[in-house]
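**Student:** With the sequence up front, the predicted model follows.
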Amino acid sequence: MNGSFVGILERLIGFDTVSARSNLSLINWIGDYLRDHGVAVDIVPAPDGQPKANLWATIGPKGDGGIVLSGHTDVVPVDGQPWTSDPFKLVETETRFVGRGTSDMKGFIALCLALVPEMVARPLKTPLHFAFSYDEELGCLGAPHLLKAIGENLPRPRIAIIGEPTGMKLGVRHKGVYSFETRVTGKDGHSSQPHRGLNAIGVAAELMNEMMRIYAGIQQHGPFDRSFDPPHSSFNIGSVEGGTAVNIIARECRFLWDFRAIPGGHPDQILKPLQAFIERRLPELRAIRPEADIVITPRVSSPALVEEHDGAAEALLKHLTGANDTVSLPYATEAGQFQQTGMSAIVCGPGFIAQAHQPDEFIDKEQLVAGDAFLRRLIEWVRAN
């Protein structure tokens, strides 16, 4: 690995970029580092005024085409985890680096940045782009704003390599993730007279029961994709909130749920029959209390990565790595979002997802050596092609 790698990784880990906080200090540091090496940088701020931003940079010829190396800059929280060291201070052992984000996915970003001097040392025939995003861990929220900027005024790459931890295997498919809030409004009152109110928790329970019935059908009838575990689209209710006291009829109840769709699947598998159920039930509820309401609001929409069957990204990475096999990934990434804009996308990076999100998160040095070797081969390829 490049001798500057450890110093760069140490700086990246030192930025507390838990998704609930700003990533601007890290983005500005990367921007300054790239500009110091003569690389033009575009900062794409969050459109809603949040103190967050994406970063885009290009090395090589201007214009469309080229290969984007993509990574997210945010990390998951450390609260309540039994770390044996400061999560935001890099710890090096004989075989690994420990710290929040080492595996997911600041290790990959550090490899990219450490090789910038070599990328700019000699001309590239094909441009290399960096795309570093925010709020991936909250549902791939930042990348769509960067992709919108690419569509409007930045060069459009041909291939996107998302450096999530795959053990350097070629991830060509993963499920999409879609999450929703369902909010039920009823009528409050004294619990001794439930007939005079409408219990929003009870209605929410009806909805959740209907959703479980629909999901049972998906489990039984599919569609199926045996490369995943489970081999069908999955559904989960993750949070329920409602009511104010045991002796008050609950006026409101909300619950959060997600649907993880296999490639080719869609949350309409559960949304359409659920909406049909609501259309039948809501008039009955409003006959009891006119203020009754049920509202479903989308929160996250991150599409699946669909296998391209020897598409441009897969063909290139097979050529550069010598790999013949591909894998399905159990987690969602930004790859599906890049793919939906017309880029050929693949997921491949150092480390393993099992090492991420846990206390004492780490990445093996041998994985970083493999990632460094891959990027060096990529640099030689873009110089020649």
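**Tutor:** In hand now; what should we look at? Numbering: from 1, shown residues only.

**Student:** Pull the number of nearby residues for Arg158.
**Tutor:** 17 (other C-beta atoms under 10 Å). Backbone N, C-alpha and C define where each C-beta goes, glycine included.

**Student:** Spatially nearest residue to it, not counting backbone neighbours?
**Tutor:** Among residues not flanking Arg158 along the chain, Gly65 sits closest, at 5.2 Å (C-beta to C-beta, 6 or more residues apart in numbering).

**Student:** Repeat that for Thr321.
**Tutor:** Using C-beta to C-beta, 6+ apart, the nearest residue to Thr321 is Phe374, at 6.2 Å.

**Student:** Can you check the pLDDT for that neighbour?
**Tutor:** Note on Phe374: pLDDT of 97.

**Student:** element containing it?
**Tutor:** helix 365-384 (DSSP states H and E).

**Student:** so what does that helix touch, helix or strand wise?
**Tutor:** strand 67-72, strand 96-98, helix 107-114, helix 116-121, strand 128-133, helix 312-321 (3 or more C-beta pairs under 8 Å, 6 or more residues apart in numbering; DSSP states H and E).

**Student:** show me what contacts Asp258?
**Tutor:** Shown in contact with Asp258 (C-beta atoms under 8 Å, 6 or more residues apart in numbering): Val177, Tyr178, Ser179, Phe180, Phe235, Asn236, Gly238, Val300.

**Student:** What segments of the protein are helices?
**Tutor:** 5-14, 24-36, 107-114, 116-121, 143-153, 200-221, 268-288, 312-321, 335-340, 365-384 (DSSP state H).

**Student:** Would you single out the least confident of the ones you listed?
**Tutor:** Taking the mean pLDDT of the helices of the chain, helix 143-153 comes last: a mean of 89.

**Student:** relative orientation of it and strand 67-72 in degrees?
**Tutor:** 150 degrees (axes from the mean of the first three to the mean of the last three C-alpha atoms, to 10 degrees).

**Student:** just how off-centre is helix 143-153 within its chain?
**Tutor:** Helix 143-153 sits 16 Å away from the centroid of its parent chain (C-alpha atoms, centre = their mean, to the nearest Å).

**Student:** and what of stretch 44-63?
**Tutor:** The answer for stretch 44-63 is 17 Å, by C-alpha atoms, centre = their mean.

**Student:** Show residues contacting that stretch.
**Tutor:** Contacts of stretch 44-63 (C-beta under 8 Å, 6+ apart): 22-24, 27, 30-31, 34, 39-43, 66, 73, 116, 119-120, 123-135, 142-143, 145-146, 149-150, 154-155, 382.

**Student:** Kindly format the C-alpha coordinates of it as PDB.
**Tutor:** Coordinates of the C-alpha atoms in stretch 44-63 are reproduced here as PDB (Å, rounded to 0.1, in the frame of the first residue of the first chain):
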ATOM      1  CA  VAL A  44     -22.800  19.100  -3.900                       C
ATOM      2  CA  PRO A  45     -24.500  20.300  -0.700                       C
ATOM      3  CA  ALA A  46     -27.600  18.700   0.700                       C
ATOM      4  CA  PRO A  47     -30.600  20.500  -0.800                       C
ATOM      5  CA  ASP A  48     -32.500  20.800   2.500                       C
ATOM      6  CA  GLY A  49     -30.100  23.000   4.300                       C
ATOM      7  CA  GLN A  50     -28.500  20.200   6.400                       C
ATOM      8  CA  PRO A  51     -24.800  20.600   7.100                       C
ATOM      9  CA  LYS A  52     -23.900  17.800   4.800                       C
ATOM     10  CA  ALA A  53     -22.600  17.400   1.300                       C
ATOM     11  CA  ASN A  54     -21.500  15.000  -1.400                       C
ATOM     12  CA  LEU A  55     -18.100  15.400  -3.200                       C
ATOM     13  CA  TRP A  56     -17.400  14.800  -6.800                       C
ATOM     14  CA  ALA A  57     -13.900  14.900  -8.400                       C
ATOM     15  CA  THR A  58     -12.500  13.900 -11.800                       C
ATOM     16  CA  ILE A  59      -8.900  12.900 -12.700                       C
ATOM     17  CA  GLY A  60      -8.200  12.700 -16.400                       C
ATOM     18  CA  PRO A  61     -10.100  13.800 -19.600                       C
ATOM     19  CA  LYS A  62     -13.200  16.000 -19.200                       C
ATOM     20  CA  GLY A  63     -16.500  14.900 -20.500                       C
END
